[in-house]
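Sequence first, predicted model second:
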Amino acid sequence: MKKLMLAAAITAAASAHAIDFGQKVEQLTKAQSYSLFGIIKPLGESSSVQTSAADAEADPTKLLTVATGLTVKVVSAAANLAPNVDQMVMWPNDVNPTHIIACNEQGSGQVGVQRINLSTGAVENIISSGLSSCDPARLTPWGTVIVGEEAGTNGRIVEILDPLATTNVSVPSSGYGASSDPAHVVARPALGQFSFEGLGILPNGVVYMTDENRPGGTIGNPGGAMVKFIPSTLWVPGSAPITDLADSPWVDGSLYGMRVGRNSGNKDVGQGNEFGRGSWVAITGTAPINLRAAAADLKLTAYYRPEDMSVDLKQLALGKVRVCGTNTGQDVPDYESNGDNHWGEIYCVTDGTVAEAATAASIPEYQPLIIGNIDMAMPDNIDIQPGRGNFIIQEDGEGPTYASPRNNDVWACLDDGADADELSDGCVKVMTLNDLTAESTGGFFDASGTRYFISIQHNITGHGVVLEVDGWH
Amino acid sequence: MIKPLAKSVAAAAVIAGAGLLSVSAHAASASATTSITGITTELLTLSDDFYLSDASTPYDSGFDANFTLTTYNFNYTAPNGDTSSASIGDSDIETFAAAYNNGSGSATVQWTFNWTATGTGTASLDLAYLYSVTVADYQAGETAFASSSLQLGLDGTDNLQEAFFYFNNENGNDFDLPDLVMNFDVTEGQTGSITVTMASNAAVSAPTVPLPAALPLLTSALFGLGAVARRRRAA
């Protein structure tokens, strides 16, 4: 017979036992998922399911398992949707979009940029050849679309006018020669060259960029640096969109690299000083400047494979600049000889007010926000959810070989709160891929923060799949 | 001067507009309860309770960490009937949340206690609990959600038992008195701690009433009727 025995009387607490306070915090975070993250219940283990090509073709939503409370629908799984869709942007805006403009991360012989009709899922090519590893895509305040190449020291920034009326344009596979439609597609040498992936554009046209680079090759080579571009003529927010690419603020401007360390007259720089306040160091030369070489020459602070970046809109509404991004790290399991157990991290850089950030005199401050772990590893794409202000982070893929915990998940993380530290107050897993050969990329929210779009890159079907995840409270 | 024709048009517009603007009396409700009704153990004695309690609605919130369970009882009903409730009770260790029409409530308790093994073998802890989740009068376009969750974990290990019940955007009523059981090997005199995390959540939001296209007609009609009334009084 079952005895009823509720909370026993308190006795002297002097025993040694395994208290894991961190586990309690994790359990509390999960128990309050609805109020903290707008989902009903987070996921547990990463998926180890491999959906077949036939099943994925019949129902592409099977490629993704989402947290309880979220729902998935197909935006496009068209046969001509490029297989390596990475970052995406809404057009003409994220309030009432009609299309998604998407980068395809393949070689110059494949399509570079496509548009997806949100109503029908139909796909058309904007830039059909010439781009190498198109990765970042952004909508500019002046009404154009910016894409970038994650292509080492040859990466370019390319600007597109009127993306719905621009079709099958070819660009030179390198250099800054004219495209086949120079009135609508032009490369921007003023922004220099490195492996573009993270872009944070301010309303005045100032942009923060990171180089997707890691220390490698010769011992002592730095990783990826952060660079700021300040247009010679700042954009006035609220002005009418441009109708001529010659009027873009990114025709001309100045470049500056972030170097952390202000002690000893800004000379306390170098390995060992990656966090804290720094300064912007002028990068000079004839455009297009090799930014990676400049970063090494100028001893800019570097990180392990900086990838995507998102602008903190809550801070921007207060007139302040805060951009947050991912450093991917490298977490090949440690039973492999090259296994680093470098889980990666999410960082934020503040740079004063918007007006201050438009000068070289602003003071950047780099602080980590989330430190990765064996379960949440190799963060790649990131978006800050409008409204809630939570960080939605996509892990890089790692192929089908490795067992759980795997890097095929999407996480929701709280921002730092009023507690003493400056780290995220907690994370939960909200999505996991059911295709061990794929990785999720390019995740972003619409302006309401309730519609999330995600690409299932190089998935088992062989063509692109873009899904929409709804149900966020 | 308003012509008789205009007065009849105004009256018709009021009738049409009132029909479009009429608000339904329907309202969804959601509620959830999670409570501990008993514990039985084998090879274990328990001691040293510690509680973290956290309750909130959009209007009130309370949080405490203490050796005795801090109770809360938040309940707010607006003049239009919108209700948000969250409570933590200690007759059983109970969390409760409820919402009606437009509201939300959340109540969480995290209860930690120490254990000492009284023998060598497989110890067990049987946690008897009650859960109840209900969503009623839900209609498409609304948001209505109720959940009850319970986690029983052996601290410092991945030995975690979980129970989760919910209804989301659908009517439903579920109630039971089940158990969560945790087994683990011990040697006599060994000590450790266990954490129970329980939460009840409920939220309802009614759909926004769309502004009908006839609203301008309705408002101008009301203005016209008002003018007619003023002229009658003047006359």
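It's in.

Against which helices or strands is the helix or strand hosting A:Met258 packed?
Using DSSP states H and E, A:Met258 maps to strand A:253-260. If contacts are counted by 3 or more C-beta pairs under 8 Å, 6 or more residues apart in numbering or on different chains; DSSP states H and E, strand A:253-260 sits against strand A:224-231, strand A:276-283, helix A:291-297. All C-beta atoms are positioned from the backbone trio N, CA, C, and that covers glycine.

From B:Ser106, how far out is A:Thr140?
41 Å (C-beta to C-beta, to the nearest Å).

what sits against the residue nearest the centre of chain A?
Centroid-nearest residue in chain A, with C-alpha atoms, centre = their mean: A:Asp308, separated by 2.5 Å. Counting by C-beta atoms under 8 Å, 6 or more residues apart in numbering or on different chains, A:Asp308 makes contact with A:Gln87, A:Pro136, A:Glu197, A:Gly198, A:Gly325, A:Thr326, A:Asp380, A:Asn381, A:Ile382.

Now pLDDT, distance to chain B and secondary structure too, for those residues, in JSON lines please.
Below are those laid out as JSON lines (pLDDT from 0 to 100; distance: C-beta to the nearest C-beta, whole Å; DSSP: H, G, I helix; E, B strand; the rest coil):
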{"residue": "A:Gln87", "pLDDT": "98", "distance to chain B": "31", "secondary structure": "strand"}
{"residue": "A:Pro136", "pLDDT": "98", "distance to chain B": "35", "secondary structure": "strand"}
{"residue": "A:Glu197", "pLDDT": "97", "distance to chain B": "35", "secondary structure": "strand"}
{"residue": "A:Gly198", "pLDDT": "97", "distance to chain B": "35", "secondary structure": "strand"}
{"residue": "A:Gly325", "pLDDT": "98", "distance to chain B": "32", "secondary structure": "strand"}
{"residue": "A:Thr326", "pLDDT": "98", "distance to chain B": "27", "secondary structure": "strand"}
{"residue": "A:Asp380", "pLDDT": "97", "distance to chain B": "27", "secondary structure": "strand"}
{"residue": "A:Asn381", "pLDDT": "98", "distance to chain B": "27", "secondary structure": "strand"}
{"residue": "A:Ile382", "pLDDT": "98", "distance to chain B": "27", "secondary structure": "strand"}
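
hang on, isn't A:Gly442 packed against A:Asp86?
Yes. Counting by C-beta atoms under 8 Å, A:Gly442 touches A:Asp86, with 5.1 Å between them.

Can you name the residue of chain B nearest to chain A?
Ranked by C-beta to the nearest C-beta, the top residue of chain B for proximity to chain A is B:Gly156, at 3.1 Å.

Mind jotting down where the helices sit in the chain?
Chain wasn't specified; assuming chain A. Applying DSSP state H to chain A gives helices spanning A:21-31, A:33-37, A:53-58, A:263-266, A:291-297, A:313-317, A:354-357.

other chain: chain B
Using DSSP H, the helices of chain B run over residues B:4-21, B:215-234.

any idea which of those helices scores lowest on pLDDT?
Per-stretch mean pLDDT for those is lowest at helix B:4-21 (a mean of 35).

From one end of stretch A:251-271 to the other, what's the distance?
This stretch, stretch A:251-271, spans 35 Å end to end (C-alpha to C-alpha, to the nearest Å).

Give the rounded mean pLDDT of it.
Mean per-residue pLDDT for stretch A:251-271: 94.

ok, now stretch B:78-89?
Mean pLDDT, stretch B:78-89: 93.

Please say whether there is contact between that stretch and chain A.
No. Figure legend: stretch B:78-89 not in contact with chain A (C-beta under 8 Å from any C-beta of the partner chain); closest approach 10.6 Å.

Could you point out which of the contacts of A:Asp308 is nearest to B:Gly192?
Closest approach to B:Gly192 among these (C-beta to C-beta): A:Thr326, at 37.6 Å.
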